[in-house]
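> got a predicted model here, sequence first, then my questions.
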Amino acid sequence: MTAVGLVFALVFGFAVGLAIGFSDLTKGDTAPKVARSTGTEIELITEALVVLMAWTYFTYFWKTRGATPGQRLMHIRVVDSTTYQGISTRQSVVRYLGYIVSALPLYLGFIWASFDSHKQGWHDKIAGTVVIRTS
């Protein structure tokens, strides 16, 4: 893992940890009675917010900049696989949803890129994108 990837993982992990920790506060007997209904409502809201934050982060940067800050530091960019131009909003949303498909079977969709002739993961194939190196 590169230093950039490690920093991103730490920052993102910290934010997710805070969100999960907040939802855990409602489970104990010391939680206020108002927030202690069953806890599942707050957990569900917290998880939805985490997914929404990640979706917003990735789709915004892929659409507007062609890469997330970490990808820019690694000099790589996400482009349309046929035109090699920036990707559309639809492609960025589909690519993010494709991350879920790539991750579910033990991250096989990400590993796939190592063996693919065009170096595309399943999420890239689904969205019609490819990752290229920039100078």
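Received, thanks. Residues are numbered from 1 along each chain as shown.

> C-alpha only now, for contacts and for neighbours.
Fine.

> which stretch of helix or strand covers the nearest residue to S88 once chain neighbours are set aside?
With sequence-adjacent residues excluded and distances taken as CA to CA, 6 or more residues apart in numbering, S88 is closest to K63, at 6.2 Å. Taking DSSP states H and E as the definition, one finds K63 inside helix 40-64.

> buried residues, that helix. List them.
42-43, 46-47, 50, 58-63 (16 or more other CA atoms under 10 Å).

> over to stretch 89-100?
91-96, 98-99.

> residue ranges with poor pLDDT in the chain?
1-39 (pLDDT under 70).

> quick one, strands of it?
Assigned by DSSP state E, the strands in the chain fall at 76-80, 129-133.

> which of those strands is buried the deepest?
Comparing those by mean neighbour count (mean count of other CA atoms under 10 Å), strand 76-80 comes out on top with a mean of 20.

> just want the most central residue of the protein.
A54 (5.0 Å; CA atoms, centre = their mean).
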